[in-house]
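*Asks:* pasting the structure only:
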């Protein structure tokens, strides 16, 4: 810049303002008179709001506000705040000439003369629609993650309660019933009062055992209440597709066989745990759920094309210890195949003939070094 240009810009503020209005295009800059009519309009305003300078001059600033903001008095409130404190900062939806909306971040400043009398307002406005959309998408993703974690916590707690009832109260009542039967055999046949008392105690135990089983049944996963195991997995896939940006495929192979309730419960819990881990950690774009019915075994396979990881002994982390324990509880076995950049595959195989019985040998969720993701 020459010395002449420097002096001219310094001594002539009108020239500075004119150059700013003509050259700044990232911001809409416009002046509003005391009645709210637009008195000046820069190129940035034309680019962002769509009105030419000729169209904008004389237009009331309320035309840039959405109908709902006009109805609640936002136009007047913005100017009033600027008058009282000097400026008003806002973020809200604005209207372009074509009726489309954009998220604007703006500052309105009161213009007062040397006596302090209000002459009008100047508004500087920036289009922040992309930032707003990114923030909204992040909030939605966080809300979905929180909801998924809440649902997962509820499922885990329901299963924990059901398992505790089954492992403690139900087994205790069964043991009491067996001991009462044995005691009855040891007593003399002619001791009628004791037999009546035993009958009453046994009736109470039977009622308690029935109620315990009913409670355990009521704690089954809600997906299984209204669906078969295969239907529950198809419903799970449908829910994932509607709530996450991932391609999900559910496949059933072989002749479908009705499995015992406790086996279905554990297999669905395993699937939910594995899917939750994929959505939370894998950064995958594809997920496949395979249910394979064979003459002697049932296999559940969960595959993803995500970032993968280096498996640790006993399946530490990634929620895999719980999967191993669930597979073990139905006499099954779980295997994990994963590598960095190669996705992950979890396979759970359960014997059909066991009908939920426990396996004699412990099962571990260990990486299979000889297999690769297919």
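*Replies:* Everything's here; your move. Remember, it's a predicted structure, so these values are computed and weren't measured experimentally.

*Asks:* for the stretch 51-200 of the chain, what spans make up the strands?
*Replies:* For the stretch 51-200 of the chain, the strands defined by DSSP state E, counting those that start in this stretch occupy 87-95, 101-112, 118-127.

*Asks:* whoops, I mixed them up, the stretch 201-350 of the chain
*Replies:* 247-253, 286-293, 297-304, 333-338, 344-351.

*Asks:* Would you mind saying which of these lies nearest residue 73?
*Replies:* strand 247-253 (47.1 Å; CB to CB). In this view, the C-beta of every residue, glycine as well, is placed from N, C-alpha and C.

*Asks:* Any idea what residue 90 is bridged to?
*Replies:* Beta-bridge partners for residue 90, by DSSP bridges, are residue 106.

*Asks:* Quick check, pLDDT for it.
*Replies:* Residue 90 carries a pLDDT value of 90.

*Asks:* One more: residue 127?
*Replies:* In this model, residue 127 carries a pLDDT of 93.

*Asks:* Run a quick neighbour tally on it.
*Replies:* Other residues lying near residue 127 total 20 when counted by other CB atoms under 10 Å.

*Asks:* and it, what does it touch?
*Replies:* Neighbouring residues of residue 127 by CB atoms under 8 Å, 6 or more residues apart in numbering: 28, 48, 102-104.

*Asks:* just residue 251 next, same as before
*Replies:* Contacts of residue 251 by CB under 8 Å, 6+ apart are 288-291.

*Asks:* and stretch 274-281, how far out from the chain's middle?
*Replies:* Centre-to-centre, stretch 274-281 and its host chain are 11 Å apart (CA atoms, centre = their mean, to the nearest Å).

*Asks:* got the end-to-end distance for that stretch?
*Replies:* 10 Å (CA to CA, to the nearest Å).

*Asks:* quick one: buried residues of that stretch?
*Replies:* 274-279, 281 (16 or more other CB atoms under 10 Å).

*Asks:* circling back: with distance to residue 144 and mean pLDDT as added columns, please give the strands of the stretch 201-350 of the chain in a markdown table.
*Replies:* As requested, the strands of the stretch 201-350 of the chain are exported to a markdown table (distance: least, CB to CB, whole Å; pLDDT from 0 to 100):
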| stretch | distance to residue 144 | mean pLDDT |
| --- | --- | --- |
| strand 247-253 | 15 | 92 |
| strand 286-293 | 15 | 94 |
| strand 297-304 | 18 | 94 |
| strand 333-338 | 24 | 91 |
| strand 344-351 | 21 | 94 |
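
*Asks:* so where's the stretch 51-200 of the chain shaky on pLDDT?
*Replies:* Filtered on pLDDT under 70, the stretch 51-200 of the chain yields the residue ranges 155, 159, 162-168, 170-172, 175, 179, 184, 186, 188-191.
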